[in-house]
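Student: missing the sequence, but the structure's below:
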């Protein structure tokens, strides 16, 4: 796959690869954590929608506290070494209307990402979080490179 034909990462999913392939995802208040093993060149990305799973219903990568741990475990399953993994964090915009922003989903998603990555002992080498605009990001699993484009809101209804 190349950047013209990337793998599309849907919300609530995780993708890990040893191949140099592009993965694209669209983020609003959701967050993507990108892990990259700098020596073995293994990359992984998630896309979670809300910070915490409360223990009810299905334990799913929809929740950040589930998704980050599952992404980390998949990286290890693919042969990555914890000490060689670096992290990039994207998303967490407040794209919802003022009335819905009282829940601060974007900010809570960001805070969770930094907290859990720190607890795993992994360095965050780059990030683009918060703000009012969504993002389209391309992550290359074989190089760790991330390209980002802000999404401009349309006024048409």
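Tutor: Received, thanks. Note that the coordinates shown come from a computational prediction; the quantities given were computed from them, not determined experimentally.
Student: list the buried residues for stretch 56-66?
Tutor: 61, 62, 63, 64, 65, 66 (16 or more other CB atoms under 10 Å). Using the backbone N, CA and C atoms, a C-beta is placed for each residue, glycine as well.
Student: which residues touch it?
Tutor: Residues from elsewhere that reach stretch 56-66, judged by CB atoms under 8 Å, 6 or more residues apart in numbering: 11-14, 31, 46-53, 67, 70-71, 109, 112-113, 116.
Student: just stretch 136-149 next, same as before
Tutor: Stretch 136-149 is contacted by residues 3, 6, 15-27, 32, 34, 36, 38, 41-45, 86, 88, 90-91, 126, 128, 135, 151 when judged by CB under 8 Å, 6+ apart.
Student: mind running it again at 6 Å?
Tutor: Around stretch 136-149, the neighbours that count as contacts under CB atoms under 6 Å, 6 or more residues apart in numbering are 17, 19-24, 26, 34, 36, 41, 43, 45, 88, 90, 128, 135, 151.
Student: stretch 30-48 now?
Tutor: With CB under 6 Å, 6+ apart as the test, stretch 30-48 has contacts from 9, 11, 14-16, 18, 23, 25, 49, 64, 67-68, 71, 74-75, 78-80, 84-92, 109, 113, 139, 141-142, 144.
Student: low-confidence ranges, this structure, go.
Tutor: Along the chain, the model assigns pLDDT under 70 to residues 1-2, 97-102, 155-157.
Student: the residue nearest to the spatial centre of it pairs with what?
Tutor: Taking CA atoms, centre = their mean, the centroid of the chain lies closest to residue 32, which sits 1.0 Å from it. Counting by DSSP bridges, residue 32 is bridged to residue 90.
Student: now it: how far from residue 56?
Tutor: For residue 32, the distance to residue 56 (CB to CB, to the nearest Å) stands at 25 Å.
Student: now the contacts of stretch 136-149: which count as buried?
Tutor: Buried, going by 16+ other CB under 10 Å: 17, 21-24, 26, 34, 36, 41, 43, 45, 88, 90, 128, 135, out of the contacts of stretch 136-149.
Student: can you pull the contacts of residue 67?
Tutor: Residue 67 sits next to 46, 48, 61 when contact means CB under 6 Å, 6+ apart.
Student: what about 8 Å?
Tutor: By CB under 8 Å, 6+ apart, the contact set of residue 67 is 12, 14, 33, 46, 47, 48, 61.
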